[in-house]
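dropping a prediction and its sequence here:
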Amino acid sequence: MKRPDFFIVGAFKAGTTALYEYLRAHPQIFMSVPKEPMYFGQDLTPRYTRMTEDEYLALFKDANADQRAGEASPWYLYSTGAPTEIDAFDPKSQAIIMLRNPVDVMYSQHSQLVFNRREDLTDFGAALDAEPDRLQGKRIPADAIRPEALYYRHSVRFPEQIRRWLEVLGRERIQFVVFDDLVADPRAVYRSTLEFLKVDPTHEIDLSVYNPNKQARSGRVQKMIFAPPPALRGVVGRLRRNPLAHRVRDALVNVNSTKAQRQTMDAALRAQLTEEFAPQVAELGQIIGRDLSAWSAAPGAGSGAGKGSKGE
């Protein structure tokens, strides 16, 4: 049976859905459905129930022998164990790490959790203030399937996360993609990724926007989709492993959603967070060999906040 040999490992809200869809459209590449199996990362809280190896490999049973097979689970970047687990699974596997201004990642993540009815603090500043308590297991919403998603500051410590991956896989097995580049020139990012994966880089596809910011039409329906009652979560988890059931679920989400411009972050809060994360941004730039100083410039410069451009 075909085994996955490359992984889009994160970061979340940094264009992983868009790149997943682009790669999925290439005839020499097979991408899993669902997009985020979350098989690796034993330290992570499972969304519903963790897959067995047979269930995981079954996601790739339709891949041809000559295709590259991959998946995109953005929480692998956050995981302390996923790099070692993936390397043990396939010592030649490759990882794609997508990066975005951490301030925008946190804000976008909060918006997504509110959309999914898994965050009960709809004010971003209040959600940030609650993080110390949440790290101690307090003030966790009843519908929060993965508490780690609520650790906004803690989840975007990109320098230490990337060092873990570099230590295990080495730089030659990792491609870095900066979200700003995906927005500015998606075709160039797509082609460079194909070259990294050693498949035909000349194949043309539709480079539409995926996963824009949305709001739910019905909160009740949204809660049933994303935060089912605990008694049903095991059943929902099993259904999500079936590609057809997963497509039905996605169709329900689309019907119950409408595109919406994300509200602009409070200017004072953005300025505070931009200053707070400037040292980490500088460190990140040094690690990946890229000038990211625009992320630490005056608020509004190079942030892309609220646009939902090219998906998140």
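That came through fine.

per-residue confidence at Pro299?
As predicted, Pro299 sits at a pLDDT of 66.

tabulate the CA atom coordinates of the host helix or strand of Ala127 in PDB.
Ala127 is located in helix 124-129, with elements delineated by DSSP states H and E. Extracted in PDB, the C-alpha atoms of helix 124-129 (Å, rounded to 0.1, in the frame of the first residue of the first chain):
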ATOM      1  CA  PHE A 124      -9.500  38.500  20.900                       C
ATOM      2  CA  GLY A 125      -7.900  40.600  23.700                       C
ATOM      3  CA  ALA A 126     -10.000  38.700  26.300                       C
ATOM      4  CA  ALA A 127      -9.000  35.400  24.800                       C
ATOM      5  CA  LEU A 128      -5.300  36.300  25.000                       C
ATOM      6  CA  ASP A 129      -5.700  37.400  28.600                       C
END
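
what is that helix packed up against?
helix 102-115, helix 152-155 (3 or more Cβ pairs under 8 Å, 6 or more residues apart in numbering; DSSP states H and E). C-beta: built from backbone N, CA, C; applies to glycine.

mean confidence for the last one?
For helix 152-155, the per-residue pLDDT values average out at 98.

mind listing what's buried in it?
152, 155 (16 or more other Cβ atoms under 10 Å).

next SSE downstream of that helix?
Once the chain leaves helix 152-155, the next helix or strand it forms, by DSSP H and E, is helix 158-169.

pLDDT of that next one, averaged?
pLDDT averaged over helix 158-169 gives 98.

next one: stretch 1-19
Averaging pLDDT along stretch 1-19 gives 95.

ok, now stretch 119-128?
pLDDT averaged over stretch 119-128 gives 97.

got the end-to-end distance for that stretch?
12 Å (Cα to Cα, to the nearest Å).

name the residues that touch it?
106-107, 110, 113-114, 130, 141, 143-144, 150, 152-153, 265-266, 269 (Cβ atoms under 8 Å, 6 or more residues apart in numbering).

just the element for Ser192, please.
helix 186-197.

please point out which parts of that helix sit buried.
186, 189-191, 193-194, 196-197.

so which of the helices and strands packed on helix 124-129 is nearest Tyr48?
helix 102-115 (16.5 Å; Cβ to Cβ).

relative to helix 158-169, how tilted is that closest one?
Calculated by axes from the mean of the first three to the mean of the last three Cα atoms, to 10 degrees, helix 102-115 forms an angle of 90 degrees with helix 158-169.

deepest in the core, which of the helices and strands packed on helix 124-129 is it.
helix 102-115 (a mean of 23; mean count of other Cβ atoms under 10 Å).

now do that helix: distance to the chain's middle.
11 Å (Cα atoms, centre = their mean, to the nearest Å).

quick one: the helices in the chain?
16-24, 53-58, 82-89, 102-115, 124-129, 131-135, 152-155, 158-169, 179-184, 186-197, 219-226, 230-239, 243-255, 267-288 (DSSP state H).

noted, bye for now.
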